[in-house]
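> Below: sequence and its predicted model.
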Amino acid sequence: MGAVNNGNDDKNQDANGADVTMVVIVAIVAACGVAVLAHIYELPGLALRERYEILRNVGLLVLGFIGLPLAIWRSVVAARQTTEAIKQGRRVEKQMLFTEQQIAAAEENNLAGILEKAASLVAEKNNARISAGIGLLHYVATANKATFSREATDLLTDFVDGKELIDGEPRVLLRALEYLNEIGRKRPTPVIVSVTVKSGDVPFRHLAGVAYNDCEFDGENLPLDGTNTLKDCRLTDCRIGGWNYMVGDIKIERSAIRTLRIQQLRTTKVVLDYCDFTGCRHITPGASLQFKNCYYDVDHPPVRKILKEFGGQLVARDPSDEFEDIDE
């Protein structure tokens, strides 16, 4: 660093020396010009007009001699200032890059510390501390610097796996699922979990591996695959679809179907097992459906269009009769 400063000092001294030299040259030229003008002014035998003309011409010549080095000097100074400005800009750019690297390193260390703290909080039994840990994991998973995003997502997944969410409780589990659903929304594929949701009315559209039991969905878009199941649910005006990849058939069991819209599925089908189509108003024509033991109330049959296309695969039941459940 001292060598750099010495080099800069030498350059500054050279520049100052050149400036002094230029000033001395201009001063000498000016002094010579003044002396010549004085000598001409004192020449005898010249008329006033002739003396004036000679003085004017010589004065212009002297000014030219003075102006030329001044112009050169100004050009040199301007070039020097431009070069210095460029060097200063490069120094600032290097300093900014160094600062950004320092900030990035500090942020990475900070995220590592937050991740470690979050993991310890989630492992505790106090719901308030668990909730704080879940929030920290979400922060790390969605941070601009994605160094530990995968690790944070995996910890959230481990927390929810094997648990049941019943009517939105426990709240810490609901919050973790909502965070994972948000993370899945920003990814090309859903987050894979293993969790059961009971008595809910809003699906987690960006989570795979969710088993929905006794849920009621109205007007919902349900992206599903073979890792999701619907059992003992009620579907009204719902749209069934898949993600860019599909794993196995979509399974809907023991559910009441009132309106079912099926997106075009290329490599899989929707398996309807022991489902109730009483009063069903719409099923997407031409959908890839497989009916197993499905039925409808003879007093409230589906609309004619459904009976025409799928009636052969549906059983009409008399509500006054008793039916035994089919063994699974």
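It's in.
> Settle this for me: residue 259 is touching residue 238, isn't it.
Yes. The pair residue 259 / residue 238 is scored as a contact, 6.8 Å apart, by CB atoms under 8 Å. Every C-beta, even on glycine, is put in place using the N, C-alpha and C of the backbone.
> neighbour count winner among those two?
In this view residue 259 and residue 238 are compared by other CB atoms under 10 Å, and residue 238 has more residues nearby, 21 against 17.
> Now do the same contact list for that one.
Residues counted as contacts of residue 238 (CB atoms under 8 Å, 6 or more residues apart in numbering) are 217-222, 259-261.
> rerun at 7 Å
Counting by CB atoms under 7 Å, 6 or more residues apart in numbering, residue 238 touches 217, 219-220, 222, 259-261.
> Where neighbours are concerned, which of these has the most?
Using other CB under 10 Å as the neighbour criterion, residue 260 leads those with 26 neighbours.
> So which residues make contact with stretch 229-236?
The contact list for stretch 229-236, computed with CB under 7 Å, 6+ apart, reads 211-218, 251-260.
> could you dump that stretch to CSV, C-alpha only?
The C-alpha coordinates for stretch 229-236 follow below in CSV (Å, rounded to 0.1, in the frame of the first residue of the first chain):
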residue,chain,number,x,y,z
THR,A,229,-55.7,-38.4,-2.5
LEU,A,230,-59.2,-37.1,-1.9
LYS,A,231,-61.4,-39.1,0.4
ASP,A,232,-64.8,-38.4,1.9
CYS,A,233,-64.7,-35.0,0.3
ARG,A,234,-67.4,-32.8,-1.4
LEU,A,235,-66.4,-31.2,-4.7
THR,A,236,-68.5,-28.4,-6.2
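> got any ranges where the stretch 151-300 of the chain has weak pLDDT?
Where the stretch 151-300 of the chain drops to pLDDT under 70, the residues are 242-248, 264-268, 285-287.
> which one is residue 224 nearest to, not counting chain neighbours?
In space, not counting the residues next to it along the chain, residue 224 is nearest to residue 250; the distance is 4.7 Å by CB to CB, 6 or more residues apart in numbering.
> Residue 222 is in contact with the one you found, correct?
No. In this structure residue 250 lies outside contact range of residue 222 using CB atoms under 7 Å: 8.8 Å.
> which residues do these two both contact?
residue 240.
> Pop the domain breakdown of this structure in here.
The record's domain parsing of the chain by automatic domain parsing lists 2-104, 181-317.
> picking that back up, what number of residues lie near the residue nearest to residue 224?
Residue 250, neighbours per other CB under 10 Å, totals 28.
> mind listing what it touches?
Counting by CB under 7 Å, 6+ apart, residue 250 has contacts 224-226, 240, 268, 270-271.
> Let's see which of these end up in strands.
Among those, the residues falling in strands (DSSP state E) are 240, 270-271.
> partners of the residue nearest to residue 224 in the sheet?
Beta-bridge partners recorded for residue 250 (DSSP bridges): residue 270.
> do residue 166 as well
In this entry, residue 166 is beta-bridged to residue 169, residue 198, by DSSP bridges.
> May I have the beta-bridge partners of residue 218?
Bridge pairing for residue 218 (DSSP bridges) gives the partners residue 236.
> ok, it touching residue 237?
Yes. Between residue 218 and residue 237 there is a contact under CB under 7 Å: 6.4 Å.
> give me phi/psi at the closest residue to residue 216 other than its chain neighbours?
Among residues not flanking residue 216 along the chain, residue 234 sits closest, at 4.5 Å (CB to CB, 6+ apart). Main-chain torsions, residue 234, degrees, to the nearest 10: phi -130, psi 120.
> What count of nearby residues applies to residue 234?
Counted with other CB under 10 Å, the neighbours of residue 234 add up to 17.
> List the single closest residue to residue 199 in space, sequence neighbours excluded.
Nearest non-adjacent residue to residue 199, counting by CB to CB, 6+ apart: residue 167, 4.3 Å away.
> Ignore what I typed, I meant residue 129.
Nearest residue to residue 129 in three dimensions, chain neighbours excluded: residue 121, at 4.9 Å (CB to CB, 6+ apart).
> coming back round to it: can I get the contacts of residue 250 in TSV with distance to residue 143 and neighbour count?
Shown next, in TSV, are the contacts of residue 250 (distance: CB to CB, whole Å; neighbours: other CB atoms under 10 Å):
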residue	distance to residue 143	neighbour count
224	30	25
225	29	20
226	33	16
240	34	22
268	35	16
270	38	22
271	40	19
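> I'd assumed residue 291 was in contact with residue 269.
No. If you go by CB under 7 Å, residue 269 and residue 291 don't touch, sitting 10.8 Å apart.
> Between these two, tell me which one has more neighbours.
Of the pair residue 269 and residue 291, residue 291 is the one with more neighbours under other CB under 10 Å, namely 18 against 14.
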